[in-house]
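Student: here is a sequence together with a model predicted from it:
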Amino acid sequence: MPDRPRYYLTTAIAYANHKPGLHTLYEVIGADVIARWHRLKGDDTRFLTGTDEHSVNIAIRAAEEGLEPRAFVDARVGEFTDAEGALGITPDRFIRTTDPDHVAAAQEMVRRAFANGDIYLGTYEGWYCPNEGFKANSDLHETAAGWQCPNHPDVPLQWLTERNWFFRLSAYQERLERWFLDNPGAVQPDFRRNEMLGFIRGGLEDFSISRAGATWGIPFPIGEDGQTAQREDGSWDPEAGTIYVWYDALINYITGAGFLSDPDAFGRWWPADLHVIGKDIARFHTIFWPAMLWSAGLEAPRKVWIHGFLLLRGGERMSKSRGNIFDPHDMIEAFGSDGTRYVALREVPFDRDAEVSWEAFVRRYNADLANDFGNLVNRTVSMAGRYLGGERPAPRTAPGASALGHAWSETLPAYAERLEGCLLHEALAALWDFVGAANRFVDGEQPWVLAKAAKAGDAEAAARLRDALGDLVEACRVVGLAAAPFLPQTAPRLLAQLGHSFPYGPDGNGGPPILDELAWGGRAAESGTLGFPEPLFPRLDVESVEG
RNA sequence: GGCGGAGUAGCUCAGUGGUAGAGCAGGGGACUCAUAAGCCCUUGGUCACAGGUUCAAAUCCUGUCUCCGCUACCA
């Protein structure tokens, strides 16, 4: 079997403390589109999503609900996988930081850093909220009475010191800066890259990677004496503490590639081609993570893409704690799974923040999906069926013969380039420019006029009618197929209406290279029977749709 | 405070020296294949403000105002 290009991409793992909102799933939808695109291209693709389940905060939340941490996160994980399923997300593995192979991987990474001399015992100092643990100054309020925890203003903060293991991040400052300079595409978009570069140049401090008191976490594998913290019965010495969540969470990306558990797989999948993450965790992924990998003798990821946030009107940040989230289930009910995927990725540029609103989503759905694209397919299938019978008309494929074919030859490369460059909103814009061209083509050709003339015996009109409708059917085919990563449920239904098959599996695997399929006239030689024109995206009445 | 970015039509944005643009929203029209969709036309802007350079500035320079991002251990 010839080697296919491989493509390994991940999302950030979701913090399993609340049920997921659209602002969390947004990133997963975008990454799923990229994963599907690579599968459709024929790349050997591995896509990882999952949940981050350790930390003191999780244990506190669980206690608030009267649950053991494990039972608490199990429930959260179920909500997350349900939401992913409802949105057509297709991870090749849904990883949990409580998975046994991940626990082993994180502990091995600590051992490797220790063996490399990058971990040492030190003292961590900071404000400590008895209810939440150590807090950064930026998370606290300074009042006349001193510093306060915003969540527990009545509980006095304590200045505590804790004996912790530290990771020697400072040792990697020069190598990190060189990595940024030598690989300008590794951290993107550019303005995020510049921010991270500035942070590096400002000087890097070592950071603590263990938590002494915490019990809900991965046991720290090394004791203060430098020996293993594992006891003869296999249990871990609680005195060694647990691994700080970031030295746990990031490692999921290599666990999911087979680190430790499957060295052959790991050799094939690592380094990852793409980590898709939010701007709030850019530093961990572009600075801490490469250094952690290098310390263990592994390669840094090839690319980290940093997206923005969904904001409410006025720029207010959406967050679980404020409760001002879009519930994905409400959106799926209104727009369907594909409609939700589309409006989220079209309304929010994948490289920056955007304000979103229910009204804007409805407008976008109606304008792009119902009116422009859905109606194009509907009028095309309807006319072709009525004027030409059930046989699918063939497009004009001779060079220069079809204006739409020519337009497509410019649309496709632009679409692919933007998609592979993570500019998903611009990829859709390119595709929809072509949809507009197809709608204008209909009005220019006026097939209904040609049909009357043909019926009256005008052979020239009959030929022109057949050609125009052939081009239009082909335009619908290539757009529907190209949009399949965004609209995975719609694509097969659309192609069926056109009398074409959709030669890919539910996750996009197993078919011919999509770039071959997307050539204008790529299936022109095949005959087919048109299906019934059924609206793909029913228009929504703005008044009747509740947010 | 430091570094970086932004301020252009009601909204979202493109436009880095040569007569202000797109999409959406609003208004009008012709058509009728279609999901009252599509198509055509159109209203709408002292390009944040003030200076400066230039034959010419949204664009280059200086200053001011406003907003935003980053400025390390919640994740």
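Tutor: Great, that's in hand.

Student: tell me the SS of the residue lying closest to residue A:496 once chain neighbours are set aside?
Tutor: Of all residues not flanking residue A:496 in the chain, residue A:531 sits nearest, at 5.3 Å (CB to CB, 6 or more residues apart in numbering). Any C-beta I mention is one placed from the backbone N, CA and C, and that applies to glycine too. Recorded secondary structure, residue A:531: coil (DSSP: H, G, I helix; E, B strand; the rest coil).

Student: surely residue A:531 meets residue A:495?
Tutor: No - contact criterion CB atoms under 8 Å: residue A:531 and residue A:495 do not qualify, at 9.3 Å.

Student: and stretch A:355-370, does that touch RNA strand B?
Tutor: Yes - using CB under 7 Å from any atom of the strand, stretch A:355-370 reaches RNA strand B at A:355, A:363, A:366-367, A:370.

Student: what mean pLDDT does stretch A:472-480 get?
Tutor: Across stretch A:472-480, the average pLDDT comes to 98.

Student: so which residue is dead centre in chain A?
Tutor: residue A:31 (2.6 Å; CA atoms, centre = their mean).

Student: next one: it from RNA strand B, what distance?
Tutor: When distance is defined by CB to the nearest atom of the strand, to the nearest Å, residue A:31 is 17 Å away from RNA strand B.

Student: residue A:342 too?
Tutor: Residue A:342 sits 13 Å away from RNA strand B, going by CB to the nearest atom of the strand.

Student: doesn't that residue belong to a helix?
Tutor: Yes - with three-state DSSP as the criterion, residue A:342 is part of a helix.

Student: show me the contacts for it.
Tutor: A:335, A:364-365, A:368-369, A:428, A:486-487 (CB atoms under 8 Å, 6 or more residues apart in numbering).

Student: the helix or strand hosting residue A:200: what's the following helix or strand?
Tutor: Using DSSP states H and E, residue A:200 maps to helix A:190-201. Using DSSP H and E, the helix or strand that follows helix A:190-201 in sequence is strand A:207-208.

Student: quick check, that next one touching RNA strand B?
Tutor: Yes - using CB under 7 Å from any atom of the strand, strand A:207-208 comes into contact with RNA strand B via A:207-208.

Student: now what about that strand, what contacts it?
Tutor: Outside strand A:207-208, the residues that touch it by CB under 8 Å, 6+ apart are A:122, A:124, A:164-167, A:169, A:244, A:288.

Student: alpha carbons only: can I get the helix or strand harbouring residue A:51 in PDB?
Tutor: Using DSSP H and E, residue A:51 sits in strand A:44-52. C-alpha atoms of strand A:44-52 as PDB (Å, rounded to 0.1, in the frame of the first residue of the first chain):
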ATOM      1  CA  ASP A  44      -4.200   9.300   6.600                       C
ATOM      2  CA  THR A  45      -5.800  11.600   9.200                       C
ATOM      3  CA  ARG A  46      -6.000  11.400  13.000                       C
ATOM      4  CA  PHE A  47      -8.200  13.800  14.900                       C
ATOM      5  CA  LEU A  48      -8.200  14.100  18.700                       C
ATOM      6  CA  THR A  49     -10.600  15.800  21.000                       C
ATOM      7  CA  GLY A  50     -11.200  15.200  24.600                       C
ATOM      8  CA  THR A  51     -11.600  16.500  28.200                       C
ATOM      9  CA  ASP A  52      -9.300  17.800  30.800                       C
END
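
Student: after that strand, next one along is what?
Tutor: Using DSSP H and E, the helix or strand that follows strand A:44-52 in sequence is helix A:56-64.

Student: that following helix - contacts with which helices or strands?
Tutor: Secondary-structure packing of helix A:56-64 (3 or more CB pairs under 8 Å, 6 or more residues apart in numbering; DSSP states H and E): helix A:69-86.

Student: returning to that earlier point: list the buried residues of the strand holding residue A:51.
Tutor: A:45-52 (16 or more other CB atoms under 10 Å).

Student: ok, and which of those residues reach RNA strand B?
Tutor: By CB under 7 Å from any atom of the strand, the members of the buried residues of strand A:44-52 lying near RNA strand B are residue A:52.

Student: can I get the buried residues of strand A:44-52 in JSON lines with distance to residue A:185 and pLDDT?
Tutor: Shown next, in JSON lines, are the buried residues of strand A:44-52 (distance: CB to CB, whole Å; pLDDT from 0 to 100):
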{"residue": "A:45", "distance to residue A:185": "20", "pLDDT": "98"}
{"residue": "A:46", "distance to residue A:185": "20", "pLDDT": "98"}
{"residue": "A:47", "distance to residue A:185": "20", "pLDDT": "98"}
{"residue": "A:48", "distance to residue A:185": "21", "pLDDT": "98"}
{"residue": "A:49", "distance to residue A:185": "23", "pLDDT": "97"}
{"residue": "A:50", "distance to residue A:185": "25", "pLDDT": "97"}
{"residue": "A:51", "distance to residue A:185": "29", "pLDDT": "96"}
{"residue": "A:52", "distance to residue A:185": "27", "pLDDT": "96"}
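
Student: report pLDDT for residue A:88.
Tutor: On pLDDT, residue A:88 comes in at 98.

Student: return the member of the buried residues of strand A:44-52 nearest to residue A:310.
Tutor: Among the buried residues of strand A:44-52, residue A:49 lies closest to residue A:310 (CB to CB), at 18.1 Å.

Student: output stretch A:473-481 as PDB, nothing but the C-alphas.
Tutor: The C-alpha trace of stretch A:473-481 is given here as PDB (Å, rounded to 0.1, in the frame of the first residue of the first chain):
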ATOM      1  CA  VAL A 473     -26.100  20.700 -12.000                       C
ATOM      2  CA  GLU A 474     -22.300  20.500 -12.100                       C
ATOM      3  CA  ALA A 475     -22.000  23.700 -10.100                       C
ATOM      4  CA  CYS A 476     -24.200  22.300  -7.400                       C
ATOM      5  CA  ARG A 477     -22.200  19.100  -7.400                       C
ATOM      6  CA  VAL A 478     -18.800  20.700  -6.900                       C
ATOM      7  CA  VAL A 479     -20.100  23.200  -4.300                       C
ATOM      8  CA  GLY A 480     -21.900  20.600  -2.300                       C
ATOM      9  CA  LEU A 481     -18.900  18.300  -2.400                       C
END
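
Student: that one vs RNA strand B: in contact?
Tutor: No - for stretch A:473-481 and RNA strand B, the contact criterion (CB under 7 Å from any atom of the strand) is not met; the two come no nearer than 11.0 Å.
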